[in-house]
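> Show me how the following folds:
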Amino acid sequence: MIPFDWVEPAPPVLRGVPRRMARAVEKSFGIASPKNEMIEALAWDDQRVPLAIDGVQVGEGALHHAAEAAARECYAICGRVKTAEAVLIAIGMVCRRRGVPLPRGRELAEVIARAVDKGWWLRQIRTEWKRRFEHVSIMLGLTYVKTDPYISREVAMVQAARNRENEELLASCTATNENGQTYTLAELAALGMGNKTLRRGELMTRIRGFEEIASDMRHVGMFWTITCPSKFHSVGGTNAKYQKAGCPTPRDAQAYLVAVWARMRAALHRQGIQPYGFRIAEPHTDGCPHWHMLLFVAPEHAEAMNAVIRAYALEEDGDEDGAARNRCKLVQIEAGKGTAAGYIAKYVAKNIDGFGVGDHKTKENGTTYVIAPDVFGNMEISASQRVTYWSQVWGIRQFQQIGGAPVGVWRELRRVQVEAVANAPEAVRAAHAACQKIESDDPVIAKQASFADYMKAQGGATVGRDAAIKIANKLVSITGRYATYEAKKPVGVYASAQPDAVYEGVHYRWEISRRGESSGVAFAVPRTGVNNCTDGAVKRPFWEGAKASSADRGADWEYRKNRPVSPAPEIVAMYEKYRQRHDGEPSAHLAYLMKKYPRE
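As a prediction, the model looks like this:
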């Protein structure tokens, strides 16, 4: 991958002299005045799509136009810039001016393919525009409990329209497998976690499984609510601390919570404490996220875990007013006073589809409000829909399992036929039986899937990477829009003690086509695992961690840390292969004229 960490270029300085001398001249004569710095800052924003034109919110046409212009600019760069390193830097500058990340890719050709593609730019510009619009709405107090809770009406309607377009696209495409079975992509999506009812059902099954195994182990349940410091909260645009902190976005707040939890987890690990459970990211009405965490732990570790979580939750700005009372709250789940799954069920439902929640209630500044559905034109937006749009716009993951056995193996086991595991080890057969749901009118035959029994077969709620059963993958060649690469595709499961015996799941190869088309494209969707921890050093490409800076836009770029870096030979070769013309060759127009009028 090619992450490129850009820093804001310095304001313009005098050319032709060393930078230190230029700064001295500026200090004496005031060349880099605040006015010039403001003009420079505005220049860096001149290519972003405006939020509105003449007071009217921009539409898709403006986004398409901006995407086309960006793709053309990158195409021109690839034609005139001579080195691979310079191409990356120039494309990065185009991305920086438009507020989007540098295209990622395993090879330079893949990066360039994205950079010159209007479709890639359109996706990036859409995301940047929605987040910028929403950030301004938060800063102005337009996203708040008394106006538009969780997300502004404008962005909510844009996201709702985008979701409808995606649904229409899925409904217009058909998929046919090798058995001749044909479905629309919408029908297939309804069978997976894209279906909110199934998503909520699986989450509750997993949470109930955690609670059951905790009960068997005599562990205690602890329900935490962790909130960001006040500087992350706009509070309707009235919070001076928020403005002083630079008006952080919900993504900044989520990054803070992730970092705090990482320190908590490391401290707990050092003390031999292994909590397990779930966390839910939920927005305040001003868009700032907070976390609810249902964690189970051995009773002898409860007090120590309480001390660790409170210490790290209040480590930053813990002495501000109300911090001790509001930033970290604990509810002890007591046996006989309801179940942990029942306690968290309302948080799961209100953040997915609002099923069975009743009035959607939220608390702000000690006051409880009921968030009623809003109607804009012919569109009704419920509170749960607002939360979903908030998650989609800001790219914040709402639900995260902590500890326990991996859910990926659970889902793959549900694809494995019972005949395939007839002679498998006991752990595989037990886990497979736990994952299966049997529907029947006969209560003796009917059976619910049990995540608790699945975790027991895997080795318990704290098994981690030593699980008894793992996913078997095979390398397949994936031909994507920008590159062809090899990826791991799950084909079944295997017992860790017998890695050579694979119990294959039922997988299909689909041919996708739009309605009305006679042929389609065959493909199998790869699945990507996510590792939330980093263990050991990973070899990085030469450009990772390098930060580019320059005296001015026309100057040569140099790397910080005072270490010259040269592109790898294979990268240079790849660039030379795809570059429009080589050194000394005529331009395309000149080549055309030379061919048309050859010398006699």
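> From the chain's centroid, how far away is the helix or strand hosting residue 164?
Using DSSP states H and E, residue 164 maps to helix 153-172. In this view, helix 153-172 has its centroid 19 Å away from the chain centroid, taken as CA atoms, centre = their mean, to the nearest Å.
> Could you do stretch 115-122 as well?
20 Å.
> Centroid-nearest residue for the chain?
The chain has residue 395 as the residue nearest its centroid, 4.9 Å off, counting by CA atoms, centre = their mean.
> Neighbours of the nearest residue to that residue once chain neighbours are set aside, how many?
Using CB to CB, 6 or more residues apart in numbering and skipping residues adjacent in sequence, the residue nearest residue 395 is residue 251, 7.0 Å away. Any C-beta I mention is one placed from the backbone N, CA and C, and that applies to glycine too. The tally of other residues near residue 251 (other CB atoms under 10 Å) stands at 15.
> Report the contact partners of residue 251.
Residue 251 sits next to 131, 394, 395, 396 when contact means CB atoms under 8 Å, 6 or more residues apart in numbering.
> Repeat the analysis, applying 10 Å as the threshold.
Residue 251 makes contact with 131, 135, 289, 393, 394, 395, 396, according to CB atoms under 10 Å, 6 or more residues apart in numbering.
> Just the buried residues of these.
131, 135, 289, 393, 394, 396 (16 or more other CB atoms under 10 Å).
> The second one and residue 162, how far apart?
Plainly put, residue 135 is 18 Å away from residue 162 if you go by CB to CB, to the nearest Å.
> just the last one next, same as before
Shown here: residue 396 relative to residue 162, a distance of 17 Å by CB to CB.
> try the third one
Separation of residue 289 from residue 162 (CB to CB): 21 Å.
> any idea which element residue 501 lies in?
Counting by DSSP H and E, residue 501 is part of strand 498-504.
> hang on, the earlier thing: just the ones of the contacts of residue 251 in helices?
In helices, judged by DSSP state H, the following of those are found: 131, 135, 393, 394.
> Tabulate the residues you listed (JSON lines), appending distance to residue 280 and pLDDT.
Listed next are these as JSON lines, based on distance: CB to CB, whole Å; pLDDT from 0 to 100:
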{"residue": "131", "distance to residue 280": "22", "pLDDT": "94"}
{"residue": "135", "distance to residue 280": "23", "pLDDT": "92"}
{"residue": "393", "distance to residue 280": "18", "pLDDT": "97"}
{"residue": "394", "distance to residue 280": "15", "pLDDT": "97"}
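> can you put those residues in JSON lines and add distance to residue 351?
Formatted as JSON lines, the ones in helices among the contacts of residue 251 follow (distance: CB to CB, whole Å):
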{"residue": "131", "distance to residue 351": "20"}
{"residue": "135", "distance to residue 351": "22"}
{"residue": "393", "distance to residue 351": "15"}
{"residue": "394", "distance to residue 351": "14"}
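> from those residues, which single one is nearest residue 167?
Comparing these against residue 167 with CB to CB places residue 393 closest, at 17.5 Å.
> Could you list the domains of the chain?
Using automatic domain parsing, the domain ranges for the chain come out as 1-139+536-546+554-600, 196-402, 409-504.
> Which among these is found nearest to residue 176?
domain 409-504 (18.7 Å).
> Pull up the distance across the closest one, start to finish.
From its first residue to its last, domain 409-504 covers 12 Å (CA to CA, to the nearest Å).
> Same check on stretch 322-342?
Note: stretch 322-342 ends 29 Å apart using CA to CA.
> So which bits of that stretch are buried?
Under the neighbour-count rule (16+ other CB under 10 Å), stretch 322-342 has 323, 326, 327, 328, 333, 339, 340, 341 buried.
> Can you tell me which of these is nearest residue 169?
The closest of these, once distances to residue 169 are taken by CB to CB, is residue 341, at 36.1 Å.
> just checking, that closest one touches residue 212?
Yes. Residue 341 is within contact range of residue 212, at 8.9 Å (criterion: CB atoms under 10 Å).
> did I read that right, residue 325 in a helix?
Yes. Judged by DSSP: H, G, I helix; E, B strand; the rest coil, residue 325 forms part of a helix.
> And residue 180, how far from residue 240?
Distance, residue 180 to residue 240, by CB to CB: 66 Å.
> Of these two, which one has the most company?
residue 240 (10 against 6).
> per-residue pLDDT, the more buried one?
Listed pLDDT for residue 240 reads 92.
> Now for it: which residues touch it?
230, 231.
> distance of it from residue 246?
In terms of CB to CB, residue 240 sits 12 Å off from residue 246.
> which neighbours do the two share?
With CB under 10 Å, 6+ apart, residue 240 and residue 246 have common neighbours residue 231.
> Wait, the residue nearest to the centre of the chain touches residue 254, no?
Yes. Under the criterion of CB under 10 Å, residue 395 makes contact with residue 254 at 8.8 Å.
> hmm, back to that, what are the buried residues along the strand holding residue 501?
502, 503, 504.
> next one: stretch 196-216
196, 199-200, 202-214.
> quick one: which of those sit in helices?
Short answer: those in helices (DSSP H) are 196, 199-200, 202-214.
> so which of these comes closest to residue 113?
residue 199 (33.5 Å).
> can you tell me which residues contact that closest one?
192, 193, 348, 352, 353, 399.
> The closest residue to the fifth one other than its chain neighbours: what's it in contact with?
Just to be clear, that refers to residue 353. In this structure, residue 353 finds its nearest non-sequential neighbour in residue 196, 4.4 Å apart by CB to CB, 6+ apart. Taking CB under 10 Å, 6+ apart, we find residue 196 in contact with 190, 349, 352, 353, 354, 355, 384, 388.
> With pLDDT, secondary structure and neighbour count added, can I get those residues in a markdown table?
Supplementary listing: the contacts of residue 196 in a markdown table, determined by pLDDT from 0 to 100; DSSP: H, G, I helix; E, B strand; the rest coil; neighbours: other CB atoms under 10 Å:
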| residue | pLDDT | secondary structure | neighbour count |
| --- | --- | --- | --- |
| 190 | 90 | coil | 15 |
| 349 | 87 | helix | 20 |
| 352 | 88 | coil | 19 |
| 353 | 81 | coil | 18 |
| 354 | 79 | coil | 20 |
| 355 | 77 | coil | 15 |
| 384 | 92 | helix | 21 |
| 388 | 95 | helix | 23 |
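> thought residue 224 was touching residue 333?
No. Between residue 224 and residue 333 there is no contact under CB under 10 Å: 11.0 Å.
> Find the residues that touch each one of the two.
Counting by CB under 10 Å, 6+ apart, the residues touching both residue 224 and residue 333 are 294, 295.
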